[in-house]
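# A predicted structure for the sequence below; I have some questions about it.
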Amino acid sequence: MSEASGPRGLQGNLTNYGDAGFALFLRKAFIKGAGYTDDALDRTVVGIVDTGSGFNPCHGNMPQLIEAVKRGVMLAGGLPVEFPTISLHEAFSQPTSMYLRNLMSMDTEEMIKALPVDAVVLIGGCDKTVPAQLMGAASAEKPAIQLVTGSMLTGSHRGVRVGACTDCRAFWGRYRAEEIDSEEIADVNGRLVGSVGTCSVAGTASTMACVAEALGVSLPGSATPPAVTADRTRYAELTGQRAVRMADEGLGLDRILTQGAFENAFRVLLAMGGSTNGLVHLAAVAGRMGYSLDLDRFDAMSRETPVLVNLKPAGSHYMEDLHRAGGVPRLLRELRDLLNTDELTVTGRTLGEELDDSEEPFPQDVIRPRDRPIYPAGGIAVLRGNLAPNGAIIKQAAADQDLLEHRGRAVVFEGAEDLARRIDSEDLDVRADDVLVLRGIGPVGAPGMPEAGYIPIPRTLARQGVKDMVRVSDGRMSGTAAGTIVLHVSPESAIGGPLALVREGDIVRLSVRDRAIELEVSDEELRRRAEEPRPEASPPPPGAGRGYRKLFTEQVNQAEAGCDFGFLRAETDRGPVPGPASVSASTAAGPGRTDD
Ligand code: FES
């Protein structure tokens, strides 16, 4: 194990006064004003990234976690010092938290670089926070360890167990279909979220928690304990202890976030039936290390990776059940022969060594054995075609299996506002076998690629009992959502992608078997449409020409590159992820749900 080198603790990252001795003298004088002794200030300094906010109930246990991390740091002989960064909650981020993720990553990176910390504990949880922290820490090049806030507890409504946010959507869908009344929807509103913590299904927060553990950037077993449990607090203490050791050992993320580690993360994303957003975030984190997502190899990996975790929305359980069933270590044991077990983790040991010491399997029904999967292969499939030359994805494990091969008339919406205005109109010409197309919600178009890709079923059809339709957009959807929904169409319509050329009534073909998303319109006609003068663009909204919005729309890249800013990517190119040796060719098992 290599030792840390360079100035340590308070002596690191001195402010530039042109006199290093004076800079340290001044720094110590100020911090002594807060009551620190020289003994404390001579220790290894562990920064604790505090993302608590009154607007972020997913991080509502932040004070307890910080206290426990501090205890761990001090038990290991270090000095813990917390500092704040931006905090993002899905429901309190206009226009969308994705718009602010890169800003949070920049905040995280620059504060880690600026402060005299020998290592950092990143505490995050809500969807964009763990990706932002990993992106920032990857670029900051200091030892870092992730601690997630943990999932919320489930609630109960009229004897039925409920949890955010798959059940939020299910109940809202029933309300739209007039199956339940306004009194019941008001009742359920107070029961969906049982405590502070992150969403209790395989949404993006849970996905990123599990993916972080698979990447090796958080402690084995730490992804799944709910927010308000003793296990969660114990992991916080252990994380603090480990951060001191990482600082002393000089164990940086460059040795952990390798090609093989990203492959392990993709496996877990697929095997847990995780959020499609996880793929975008992993592409962004990989880009910070110089790797580029290879969508076709990811699809090949998907074909040979069964969905094993029985979590909503693809399955029926919640995160607290996954924790009781053995959590990520148990899942990794099931996947062991598909993993790169020599990859180093934050413990300083390899993933294989950690699995050797993990809890022996016991009977449970949340993490299935390989011969009895929830879905045999390909939880997420990559699609291509004349509608998505650079790719699109579908979470087929959470789709209506009868719609995976489908042709239908396009019903087109020009952006989220148009959708909101017309989707419930009694005059909307729409049939159950149509394809709902929503454009203008990509990274540049919206901006921020909002989760509007989960296009609601038009009210006229919902009332008739229609539960799912093929939907296509250049946006994203929440990992908690389900349906036959094609997302991340690239290039997006706002930068001239072919989605902009779809006309009302065109036939769209989805074939997950062929990995195809096609517009059945001739190339010649598409060329003609592309050359037609575009309708006058509406004037940009006030403020669009300055500040962060200007930076965002000028710099954000497409979904397959993680929607990161181009200038934040690593300067050294390290090649594709997954790498060439990651998948055995022609192992596709073909889609189709197993019979239980
Ligand atoms: Fe924070 Fe779902 S809203 S994790």
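All right, it came through fine. Numbering: from 1, shown residues only.

# The longest helix seen in the chain: which residues count as buried?
Determined from DSSP state H, the single longest helix within the chain is helix 230-249. For helix 230-249, burial by neighbour count (16 or more other C-beta atoms under 10 Å) applies to 232-233, 235-249. Backbone N, C-alpha and C define where each C-beta goes, glycine included.

# so how far is it off the chain centroid?
Put simply, helix 230-249 sits 23 Å off its chain's centre (C-alpha atoms, centre = their mean, to the nearest Å).

# Please name the residues that touch Cys563.
Met98, Arg101, Asn102, Val280, Ala284, Pro443, Met449, Val556, Asn557 (C-beta atoms under 8 Å, 6 or more residues apart in numbering).

# let's go with 10 Å and repeat that
Under the criterion of C-beta atoms under 10 Å, 6 or more residues apart in numbering, the neighbours of Cys563 are 98-99, 101-102, 131, 277, 280-281, 283-284, 287, 442-444, 448-449, 476, 488, 552, 556-557.

# where along the stretch 251-400 of the chain do the helices fall?
Secondary structure of the stretch 251-400 of the chain (DSSP state H, counting those that start in this stretch): helices located at 259-271, 276-288, 295-303, 319-324, 327-334, 351-356.

# so of the contacts of Cys563, which ones are in helices?
Mapping the contacts of Cys563 onto helices (DSSP H) picks out Met98, Tyr99, Arg101, Asn102, Pro131, Asn277, Val280, His281, Ala283, Ala284, Gly287, Phe552.

# By neighbour count, which of those residues wins?
Neighbour counts for the ones in helices among the contacts of Cys563 (other C-beta atoms under 10 Å) peak at Pro131, which has 31 neighbours.

# Can you verify my assumption that that residue contacts Arg101?
Yes: Pro131 is in contact with Arg101 according to C-beta atoms under 10 Å; the separation is 6.1 Å.

# Can you work out which residues contact both of those two?
Shared contacts of Pro131 and Arg101 (C-beta under 10 Å, 6+ apart): Leu88, Val280, His281, Ala284, Gly562, Cys563, Asp564.

# Take those residues and lay them out in JSON lines including pLDDT and distance to the ligand.
Output for the shared contacts of Pro131 and Arg101, formatted as JSON lines (pLDDT from 0 to 100; distance: C-beta to the nearest ligand atom, whole Å):
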{"residue": "Leu88", "pLDDT": "98", "distance to the ligand": "9"}
{"residue": "Val280", "pLDDT": "97", "distance to the ligand": "16"}
{"residue": "His281", "pLDDT": "98", "distance to the ligand": "13"}
{"residue": "Ala284", "pLDDT": "98", "distance to the ligand": "18"}
{"residue": "Gly562", "pLDDT": "98", "distance to the ligand": "19"}
{"residue": "Cys563", "pLDDT": "98", "distance to the ligand": "18"}
{"residue": "Asp564", "pLDDT": "98", "distance to the ligand": "21"}
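
# picking that back up, reformat the helices of the stretch 251-400 of the chain as CSV; add distance to Ser493.
Shown next, in CSV, are the helices of the stretch 251-400 of the chain (distance: least, C-beta to C-beta, whole Å):
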stretch, distance to Ser493
helix 259-271, 27
helix 276-288, 18
helix 295-303, 19
helix 319-324, 35
helix 327-334, 37
helix 351-356, 41
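
# and among these, the most buried is which?
For these, average neighbour numbers computed from mean count of other C-beta atoms under 10 Å are highest in helix 276-288, which has a mean of 27.

# ok and that one relative to helix 259-271, angle-wise?
170 degrees (axes from the mean of the first three to the mean of the last three C-alpha atoms, to 10 degrees).

# Could you export helix 276-288 as PDB, CA atoms only?
Taking C-alpha atoms only, helix 276-288 is exported to PDB below (Å, rounded to 0.1, in the frame of the first residue of the first chain):
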ATOM      1  CA  THR A 276     -32.200   4.000 -16.700                       C
ATOM      2  CA  ASN A 277     -30.800   7.200 -15.200                       C
ATOM      3  CA  GLY A 278     -28.000   5.100 -13.600                       C
ATOM      4  CA  LEU A 279     -26.600   4.500 -17.100                       C
ATOM      5  CA  VAL A 280     -26.400   8.300 -17.800                       C
ATOM      6  CA  HIS A 281     -24.800   8.900 -14.400                       C
ATOM      7  CA  LEU A 282     -22.300   6.100 -14.800                       C
ATOM      8  CA  ALA A 283     -21.400   7.400 -18.200                       C
ATOM      9  CA  ALA A 284     -20.700  10.800 -16.600                       C
ATOM     10  CA  VAL A 285     -18.600   9.400 -13.800                       C
ATOM     11  CA  ALA A 286     -16.700   7.200 -16.300                       C
ATOM     12  CA  GLY A 287     -16.100  10.300 -18.400                       C
ATOM     13  CA  ARG A 288     -14.400  12.000 -15.400                       C
END
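
# Show me the helices in the stretch 451-596 of the chain, by range?
Taking DSSP H, counting those that start in this stretch, the helices of the stretch 451-596 of the chain run over residues 459-463, 523-531, 547-555.

# taking these together, which one is wrapped up most tightly?
Comparing the helices of the stretch 451-596 of the chain by mean neighbour count (mean count of other C-beta under 10 Å), helix 459-463 comes out on top with a mean of 17.

# For that helix, give the mean pLDDT please.
Mean per-residue pLDDT for helix 459-463: 93.

# go on, stretch 294-302?
Averaged over stretch 294-302, pLDDT sits at 96.

# Please apply the same query to stretch 356-369.
96.

# quick one: it to chain centroid distance?
In terms of C-alpha atoms, centre = their mean, the centre of stretch 356-369 is found 25 Å from the chain centre.

# do the helix or strand bottoming out on mean pLDDT in the chain and the ligand meet at all?
None of the helices or strands of the chain scores lower by mean pLDDT, DSSP states H and E than helix 166-176, at a mean of 90. No: counting by C-beta under 6 Å from any ligand atom, the ligand has no neighbours in helix 166-176; the shortest distance is 9.5 Å.

# buried stuff in that helix?
Thr166, Asp167, Cys168, Arg169, Ala170, Phe171, Trp172, Gly173, Tyr175, Arg176.

# for the first one, what are its contacts?
For Thr166, the set of contacting residues under the criterion of C-beta under 10 Å, 6+ apart consists of 192, 199-203, 311-314, 316, 318, 398, 478-482.

# now it: how far from His281?
Thr166 is 20 Å from His281, where distance means C-beta to C-beta, to the nearest Å.

# what does the second one give?
With distances defined as C-beta to C-beta, the gap from Asp167 to His281 amounts to 24 Å.

# Return the residues of this protein in contact with the ligand.
When proximity is defined as C-beta under 6 Å from any ligand atom, the chain approaches the ligand at Cys58, His89, Glu90, Ala91, Cys126, Asp127, Cys165, Thr198, Cys199, Gly203, Ala205.
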